[in-house]
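K.L.:
Return atomic coordinates for the entry below.
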Amino acid sequence: MKCTVVRNWLFRSIDGELSDSEKAELNAHLAQCAACSREYKLLELPQRVARETPPPAPSPFFYRQLRMRIEGETQRAAGWQLFFGLARQMIPTLAGITLALLSVFAYFQLRVPETDLYKAYDRVFVSEDQSHRTLVAENGDISDESVLRAIAER
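P.N.:
Now for the predicted structure:
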């Protein structure tokens with residue numbers, strides 16, 4: 001058996017995943033190969049130490065301190081949950097108020113009985129005292145001369 005195959009089997013052996021025939025082949029190879037045997041002993045060392053070491057005994061105050069920490073975190077979490085619960089209720093309310101204000105604004109801006117909707121739309125964005133010449137280029141390209149003329153007419 002090749003050492004590369006055995007190295008893959010070492011982990012499976014430690015985890016107890018090898019069949020009886022594979023265990024026999026592995027043990028035969030480990031008896032002959034010192035390098036694989038040493039690697040197997042190094043990989044198995046943490047498991048052997050864990051079996052030999054007794055489990056640690058917790059402090060008598062451990063569970064009391066743990067319970068107090070859990071209760072403290074629960075109270076903190078309850079505060080955040082209350083805040084987010086209120087936020088979930090407030091967001092639709094604020095959205096409704098915003099929509100109502102936008103509707104009132106649009107009503108007051110567009111209530112003038114003009115037949116030309118485009119003029120009414122322009123009036124929302126351009127006040128009546130602004131000259132349209134500053135906003136719209138005259139029948140030609142925008143040049144330095146046309147800009148200076150528009151400024152001079154102002």
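K.L.:
Model confidence for Cys36, exactly?
P.N.:
Per-residue pLDDT puts Cys36 at 90.
K.L.:
check which helix or strand covers it.
P.N.:
If you go by DSSP states H and E, Cys36 is part of helix 34-52.
K.L.:
what packs against the helix or strand just after that helix?
P.N.:
Scanning forward in sequence from helix 34-52 by DSSP H and E, the next helix or strand is helix 62-110. Under the contact criterion of 3 or more Cβ pairs under 8 Å, 6 or more residues apart in numbering; DSSP states H and E, helix 62-110 touches helix 117-125. For glycine as for every other residue, the C-beta is placed from the backbone atoms N, C-alpha and C.
K.L.:
Mean confidence (pLDDT) on the helix it packs on, please.
P.N.:
In this model, helix 117-125 has an average pLDDT of 64.
K.L.:
Name the next helix or strand downstream of it, please.
P.N.:
Going down the chain from helix 117-125, the next helix or strand is helix 144-153, by DSSP H and E.
K.L.:
Average pLDDT for that next one, rounded please.
P.N.:
Across helix 144-153, the average pLDDT comes to 74.
K.L.:
just to revisit the earlier point, output the contacting helices and strands for the helix holding Cys36.
P.N.:
Looks like helix 34-52 contacts helix 3-14, helix 20-32 (3+ Cβ pairs under 8 Å, 6+ apart).
K.L.:
Out of those, which is closest to Pro55?
P.N.:
helix 3-14 (20.5 Å; Cβ to Cβ).
K.L.:
Return the distance of that closest one from the chain's centre.
P.N.:
Its chain's average C-alpha position is 40 Å from that of helix 3-14, according to Cα atoms, centre = their mean, to the nearest Å.
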